[in-house]
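In: attaching a predicted model along with its sequence, questions to come.
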Amino acid sequence: MNHETDLQAIDPAGVDWERVRLSKYLMHQHFSYEYPASIRDLRHQLMVIPPVAFGDQRRTVYSLEVSVPGEVTTTLDSFANTVLDVRIPVVERAVEFDAWVRVERTGPPDPRALPAELLRDPRLLAVTERTTPDSAIEQAVAELRGQGAQGLELAELANAWVHDALKYVRGVTGVDTSAAAALALGGGVCQDYSHLMIAVCRRLGLPTFYVSGHLLGEGATHSWVEVLIPAANGSNGAEGWSLDPTHGCPVDLTYLTVAVGRDYGDVAPTSGSYRARHGGTLSARKDVRVTEVVYGD
């Protein structure tokens with residue numbers, strides 16, 4: 001694809017997002033692995049390409065560039081996420097991955113229309129190691145349930161509670177930190193907010209996805225949640241409402257979805273294995289830019 005890296009970006013801070021009816025974006029993620037000596041049998045997985053369609057979001061084109069010759073296989077996982085599997089026999093000292101994606105969104109954003117079966121999907125209601133509730137989470141669940149809210153209103157109350165329960169602090173948690181541990185610490189980063197929100201919502205009986213993606217203006221990848229409720233129009237379907245507990249707000253056109261799962265473990269952007277007696281170092285960077293906006297009346 002033509003990357004058009006010199007294409008002038010539109011400052012998202014200057015966009016009147018409530019009036020936007022069409023927005024286009026160019027996403028670029030770069031991963032570089034360096035090793036002190038050669039490695040063999042590299043098996044690497046990348047989950048950095050958004051699905052073809054996700055609600056109002058559409059992927060128009062993408063490419064993956066790998067600096068070392070190898071085999072790339074593209075598949076869909078059980079959540080319909082795009083998974084890139086890379087196999088490289090030998091890497092001498094370094095390997096780089098560059099993923100380029102163009103996506104479009106239409107606004108104003110509406111809840112995602114989903115089949116009713118997902119409301120009963122056990123994967124979206126079960127606890128995981130990262131989202132197992134403890135007594136403090138159970139107490140919060142009881143207090144939220146006691147307010148008598150249901151559906152979207154209950155999810156919004158949970159979103160506000162999680163936002164207030166944690167402070168954004170880097171370096172005190174990792175990707176394997178549980179929701180209970182983050183709550184005990186009183187802080188963490190976006191995946192901790194998301195895991196805590198999931199722990200609360202699933203305990204409230206609300207099926208919930210962990211969502212991995214990008215928020216315009218942030219230097220790293222971001223995460224939020226999608227809560228599923230019965231369709232409001234009375235049809236036999238479900239609606240997915242995306243909420244960001246880190247910022248305590250609903251998701252808008254400044255968010256771009258890459259993958260969904262039970263928790264972070266299902267959507268890690270980069271993972272893999274290789275044969276060697278030594279480790280390596282990873283450096284990563286991303287650039288997500290708005291390339292076009294169309295306003296409505």
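Out: That came through fine.
In: thought residue 18 was touching residue 108?
Out: Yes. In this structure, residue 18 is within contact of residue 108 by Cβ atoms under 8 Å, at 7.0 Å. Yep, even glycine has a C-beta here, placed from its N, CA and C like the rest.
In: can you give me the neighbour number for the residue nearest to residue 92 when sequence neighbours are not counted?
Out: In space, and not counting its chain neighbours, residue 92 is closest to residue 38: 5.0 Å by Cβ to Cβ, 6 or more residues apart in numbering. A total of 12 residues lie near residue 38 under the criterion other Cβ atoms under 10 Å.
In: doesn't residue 153 lie inside a helix?
Out: Yes. Under DSSP: H, G, I helix; E, B strand; the rest coil, residue 153 falls within a helix.
In: ok, now how distant is it from residue 198?
Out: 18 Å (Cβ to Cβ, to the nearest Å).
In: got a pLDDT number for the residue nearest to residue 92?
Out: Listed pLDDT for residue 38 reads 97.
In: just checking, it touches residue 89?
Out: No. Judged on Cβ under 8 Å, residue 38 makes no contact with residue 89 at a distance of 10.6 Å.
In: any idea how far residue 145 is from the most centrally placed residue in the chain?
Out: With distances taken as Cα atoms, centre = their mean, the chain has residue 212 as the residue nearest its mean C-alpha position (0.7 Å). Separation of residue 212 from residue 145 (Cβ to Cβ): 28 Å.
In: kindly report the same for residue 296.
Out: 39 Å.
In: assign residue 201 to helix, strand or coil.
Out: Applying three-state DSSP: residue 201 is helix.
In: kindly confirm whether my reading is correct that it touches residue 157.
Out: No. Using Cβ under 8 Å, residue 201 makes no contact with residue 157, being 10.3 Å away.
In: between these two, which has more neighbouring residues?
Out: Using other Cβ under 10 Å as the criterion, residue 201 and residue 157 rank with residue 201 on top: 28 against 17.
In: would you mind measuring from the nearest residue to that one once chain neighbours are set aside to residue 58?
Out: For residue 201, ignoring the flanking residues on the chain, the nearest one in space by Cβ to Cβ, 6+ apart is residue 208 at 4.3 Å. Note on residue 208: its distance to residue 58, by Cβ to Cβ, is 24 Å.
In: ok, residue 129 next?
Out: In terms of Cβ to Cβ, residue 129 sits 34 Å off from residue 58.
In: of the two, who's got more company?
Out: residue 58 (16 against 11).
In: what helix or strand is that one located in?
Out: strand 57-66 (DSSP states H and E).
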